[in-house]
Structure formats: structure tokens, C-alpha cells
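J.: 3D model of this:
(2 chains)
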Amino acid sequence: MELLLMFVKILVVVTIFMIHLLYVQYFERKVIGHMQARMGPMRVGWHGILQPVADALKLFFKEDIIPSQSDRPIFFVAPIIGVIAGVSTIAVIPLWKSFSIANLNIGILYILALSSIGSFSIILGGWASNSKYSFLGGLRSSAQVISYEISLGLSLVGVMMMAGSANLSDIVNAQANSWFLFPQLIAFFVFLVSAIAETNRVPFDLPEAETELVAGFATEYSGMRWALFFMAEYAGMFIMSSLAVVCFMGGWNGPELPLVGEYSGLLWFVLKVYGFIFFYFWIRATLPRYRYDQLMSLGWKIFIPLALLNVIVTGFLRVL
Amino acid sequence: MPGSYIPTDYFPVAIVILIATLIGLGTLLLGLVVRPRRPYTQKLSPYESGNPPVGEPRTEFSVKFYIIAMLFVVFDVEAVFLYPWAVAYDKLGMFGFVEMMLFIFILLVGYVYVWKKGAFNWE
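T.: Now for the predicted structure:
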């Protein structure tokens, strides 16, 4: 009985998360549209508010094309791995004062582990499609994701040293008075750029560079399977934004707002996360794509030493 | 009781993973009922901008990717070593700091060697 109640509660949280995933693409299209002096989606419903629902329905009714040369079992499994890895990360994010689905001691490690598993979906999808574009996209993506995962992981070491814990709720509680953003400014910068590269977003969207690789690893996927890849990418974006908010910007901490009263913590968290997501879109509308050799040397030659330097400096300052 | 430890903290995680799996499988199975299925040979061939596919897609690729993969293992293990150290840092004090500086120094020697060897250059 207790287990059933827990199941229902978690189902509610995950469902709300899925609705956010559906509507964040509407937000993206509106933001990019207005930045390019367009209106974005306007046709379906008031100011296009029903556009994501229409898109999802359309994808349901699309034919599912499985290329004859593909490795069928891997081809089937790849997008599902992506969705599992993307959506399950919500479990450890502390949404609100002492509310997270599971308050694990190893919160940061759990998120990093699942984001590595998520990269498997891209690699396997690219391999199983047995198409040149998919294969190249998968290769590039795997090299990119593992390179930036190191700097992503190293940039969070400083935060763990400041908080003395890898539990995300503890990290937020340690920031009750002042955010880690300013003492960990280098780490924040490294994290921000690595997070964009880790989720394969512009300007680091080399795996799916449409001008040279058509759609990269997702070239052979259509209909609902493609939608699952898409869902995993946006889930990754949400998780990286939440992690940035939790580790550097004080999570749910913030002054109490009028009208909402005790729920202001939750509202602050959601506002900060959406601020970050807006930043993602802003970058997408502003910057051109990186070249692949520049991308790799940026990760290995600049961000890894920078993150290590941050660890050393933080350690030195704390031991004094 | 030794040997009968059940990690109850992780039950919610298991449930979330279960729900995520159901979302992934459910949307695909639900679509199976409503979507059309009209395959023919050309439609099922790999996409190559409309031309008939030429050659094998899985051929040799740059050795750089292997080097990056090997370096990743070294540096990622190093990052994982840093995690427990960082969590317990305030308790370790000066000793912990000096120990980890030695560790990072040894790692940096290898890093500089790899850099000088040109493993980070993509030509």
C-alpha cells in the first residue's frame, strides 16, 4: 500500500516533468522566433499554445521506418536507453526544501552516471542505423561527450569541497546565506560550457550538424523513435540546468514571495531553471557552430586544466 | 542484520526508472496501433541524399577516437578519485591537501606528456 502511494506520487512528479519537456520546445521556438524578429508558432490555439500537443499527435501517426540494413535489436533499444537515462535523473533533484524523490548521498555521482549512460543511446543509435551519416554522428558524439564529461565532473569537485557533501539537498542548504557562484566562478564557467557540450546543444551540436551530417545519429530514425531521442535531449537540458541551479545558484533559496507563501522555494527553483534554459536558447540564437578540432582542443587543453586549477585553488584557500 | 541489507533509499529511484522505461516502451507500443506501415525497398535503404548507397558505412575511422577514449578512462578515474576526497576534505586538513597535490602533480606529468605527443591535435 505504501509502495503504491509512493508510485502514484512519483508518477505525478514525472508527469509534470514530461509536460515541461513537451512545452519547453514551444518556449524555445518562441524565444528563437522573437530573437529573429518572427512570431514563432501562432496557428494552433491562442498564440500557438497547443502547438506541442499537435506536434506530439502528429509524431504518433507517423510511419515507423526501420532501415533494412540496421541492427534491429540495438536500433530498437537505443532511443529507450536515452529516455530512461534522461527522465530518471529527475529522481535526485531537490525541487524544494527537503523535497526530492530520492535524497541520495551520491546525488552528483548519480546524475553524472546517468548522463554517461545517456550518451550510449547516441553511440548505439548511430552504430545500429548502419548509415554513413549516423555512424559519423555517433562517433563524433561519443568523443565529444566523454571529453566534456571530465571537465563537467572536475568542475563539481570544488562545489563538493565547499559543501562537504555530494548530497544535492546538503549542497543547497550550504548555500542558504551565499551562493557558490562567486567563490566558484571558474568552476561555474567550466560547468556552463561543458553542460552545453554534454547535451549536444548549439554551438557544440557537432553530432547532428545538419549542414554536413544531415541529422547525425538520428538520420535513420523517424516518428516516435526520433521523438524519444528529442525528449532525451531536452530532459538532459533540464537536468543540466537544475544541476547548475542546485550547485551554484542556491537551488530553492530566495526571499519569500507574496501570494505563494511557503511555496516560494519551489517557484524560485523553477524560475532559476527556466532562466538557465532561456540562456541555452539565447546562445543558440547568437553563436555559430564550433569546428570539431576547436571543440576537442577547447575541452582538453583549456577546460580540464582550468577545472584542475579550480580544485587546487579551492583546496588551498580552504586549508588555510 | 548482516547480509539482509535492503537499500530502501533507492526504492524511489527504481520506481522512477520503471516509469521512465514504461514511458519509452509505452509510447512506441501505443503508436504501433495507429501508425501506418507501408514499406518498400527504396524506403528502407539507408539515407544517402537520394542516391543508392555506396560502399560499407562501417569502415576504418581516425585513430584519434581511440586515443581520446583511452585518455578518457585515465582522467575520468582521476575525477572519481577526487570525489570522496572532496566530500571529506574539511576532515582531512593539511594532510589531505598535500596528498592530493602529489596525486594531481603525477597526473599533470602524464597530461603534459600526452599534450607534447600531440594527442590533443586534430589534423
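J.: From now on I want contacts and neighbour counts done on CA atoms only, so please keep to that.
T.: OK.
J.: isn't A:Phe135 right next to B:Pro57, touching?
T.: Yes: in this structure, A:Phe135 is within contact of B:Pro57 by C-alpha atoms under 8 Å, at 7.1 Å.
J.: So these two - more neighbours on which side?
T.: A:Phe135 (28 against 17; other C-alpha atoms under 10 Å in any protein chain shown).
J.: Could you confirm whether the helix or strand where that one lies reaches chain B?
T.: Using DSSP states H and E, A:Phe135 sits within helix A:132-163. Yes: Helix A:132-163 is in contact with chain B by C-alpha under 8 Å from any C-alpha of the partner chain, via A:132, A:135, A:139, A:143, A:146-147, A:149-150, A:153-154, A:157-158, A:160-161, A:163.
J.: Pick the one among these closest to B:Gly26.
T.: Proximity of these to B:Gly26 (C-alpha to C-alpha) peaks at A:Phe135, which lies at 27.5 Å.
J.: can you pull the contacts of the closest one?
T.: A:Gly126, A:Trp127, A:Ser129, A:Gly216, A:Phe217, B:Pro57, B:Arg58 (C-alpha atoms under 8 Å, 6 or more residues apart in numbering or on different chains).
J.: Now which of the residues you listed would you call buried?
T.: Buried subset of these (neighbour count, 16 or more other C-alpha atoms under 10 Å in any protein chain shown): A:Gly126, A:Trp127, A:Ser129, A:Gly216, A:Phe217, B:Pro57.
J.: Turn the residues you listed into a markdown table, including pLDDT and distance to B:Leu108.
T.: Below are the buried ones among the contacts of A:Phe135 laid out as a markdown table (pLDDT from 0 to 100; distance: C-alpha to C-alpha, whole Å):
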| residue | pLDDT | distance to B:Leu108 |
| --- | --- | --- |
| A:Gly126 | 83 | 34 |
| A:Trp127 | 84 | 34 |
| A:Ser129 | 82 | 39 |
| A:Gly216 | 74 | 35 |
| A:Phe217 | 78 | 34 |
| B:Pro57 | 73 | 38 |
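J.: Point to the helix or strand of the chain where mean pLDDT is at its lowest.
T.: Looking at chain A here, since you left the chain open. Within chain A, no helix or strand scores below helix A:210-213, which has a mean of 70 by mean pLDDT, DSSP states H and E.
J.: Chain B, not that one
T.: Among the helical and strand segments of chain B, the one scoring lowest on mean pLDDT, DSSP H and E is helix B:41-44, with a mean of 76.
J.: List the contacts of that one.
T.: For helix B:41-44, the surrounding residues in contact (C-alpha under 8 Å, 6+ apart) are A:Ile65, A:Ile66, A:Pro67, A:Ser68.
J.: swap the cut-off to 6 Å and go again
T.: Helix B:41-44 is contacted from outside by A:Pro67, A:Ser68, using C-alpha atoms under 6 Å, 6 or more residues apart in numbering or on different chains.
J.: number of nearby residues for residue 15?
T.: In the absence of a named chain, chain A is used. Neighbour number of A:Thr15 under other C-alpha under 10 Å is 14.
J.: hm, I was asking about chain B
T.: If you count neighbours by other C-alpha under 10 Å, B:Ile15 ends up with 20.
J.: Need the CA coordinates for the host helix or strand of it. CSV is fine.
T.: For B:Ile15, the host element (DSSP H and E) is helix B:11-34. Taking Å, rounded to 0.1, in the frame of the first residue of the first chain, the C-alpha atoms of helix B:11-34 are listed here in CSV:
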residue,chain,number,x,y,z
PHE,B,11,13.3,2.3,-4.0
PRO,B,12,12.1,5.6,-5.3
VAL,B,13,14.9,5.6,-7.9
ALA,B,14,13.9,2.1,-9.0
ILE,B,15,10.3,3.3,-9.4
VAL,B,16,11.4,6.4,-11.4
ILE,B,17,13.5,4.1,-13.7
LEU,B,18,10.5,1.8,-14.1
ILE,B,19,8.2,4.7,-15.0
ALA,B,20,10.8,6.0,-17.5
THR,B,21,11.0,2.6,-19.1
LEU,B,22,7.2,2.5,-19.3
ILE,B,23,7.2,5.9,-21.0
GLY,B,24,9.7,4.8,-23.6
LEU,B,25,8.1,1.4,-24.4
GLY,B,26,4.6,2.7,-23.9
THR,B,27,4.8,5.5,-26.5
LEU,B,28,6.3,3.1,-29.0
LEU,B,29,3.7,0.4,-28.4
LEU,B,30,0.8,2.8,-28.4
GLY,B,31,2.0,4.2,-31.7
LEU,B,32,2.1,0.6,-33.1
VAL,B,33,-1.8,0.6,-33.1
VAL,B,34,-2.3,3.8,-35.0
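J.: which residues sit against it?
T.: A:Phe60, A:Ile80, A:Ile84, A:Val87, A:Ser88, A:Ala91, A:Ala102.
J.: Can you classify A:Glu63 by secondary structure?
T.: Here A:Glu63 takes the coil state, with states given by DSSP: H, G, I helix; E, B strand; the rest coil.
J.: Just the buried ones from the residues of helix A:132-163 next to chain B?
T.: Here, 16+ other C-alpha under 10 Å leaves A:132, A:135, A:139, A:143, A:146-147, A:149-150, A:153-154, A:157-158, A:160-161, A:163 buried among the residues of helix A:132-163 next to chain B.
J.: Out of those, which is nearest to A:Ile312?
T.: Checking those against A:Ile312 by C-alpha to C-alpha gives A:Gly158 as the nearest, at 8.8 Å.
J.: Not counting sequence-adjacent ones, nearest residue to the closest one?
T.: In space, A:Gly158 comes closest to A:Val311 once its chain neighbours are excluded; the distance is 5.4 Å by C-alpha to C-alpha, 6 or more residues apart in numbering or on different chains.
J.: tell me which element the one you found falls in.
T.: helix A:304-319.
J.: quick one: that helix to chain centroid distance?
T.: Centre-to-centre, helix A:304-319 and its host chain are 26 Å apart (C-alpha atoms, centre = their mean, to the nearest Å).
J.: mean confidence for that helix?
T.: Helix A:304-319 carries an average pLDDT of 87.
J.: Could I get the CA-only coordinates of it as CSV?
T.: What follows is helix A:304-319, C-alpha atoms only, in CSV (Å, rounded to 0.1, in the frame of the first residue of the first chain):
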residue,chain,number,x,y,z
ILE,A,304,40.5,20.3,-17.9
PRO,A,305,43.5,22.4,-16.7
LEU,A,306,41.1,25.2,-15.7
ALA,A,307,38.9,22.8,-13.7
LEU,A,308,42.0,21.2,-12.0
LEU,A,309,43.3,24.7,-11.2
ASN,A,310,40.0,25.5,-9.5
VAL,A,311,40.3,22.3,-7.4
ILE,A,312,43.8,23.3,-6.3
VAL,A,313,42.9,26.9,-5.5
THR,A,314,39.8,25.9,-3.6
GLY,A,315,41.7,23.3,-1.7
PHE,A,316,44.5,25.8,-0.8
LEU,A,317,42.0,28.5,0.3
ARG,A,318,40.1,26.1,2.5
VAL,A,319,43.1,24.6,4.2
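J.: All set now, cheers.
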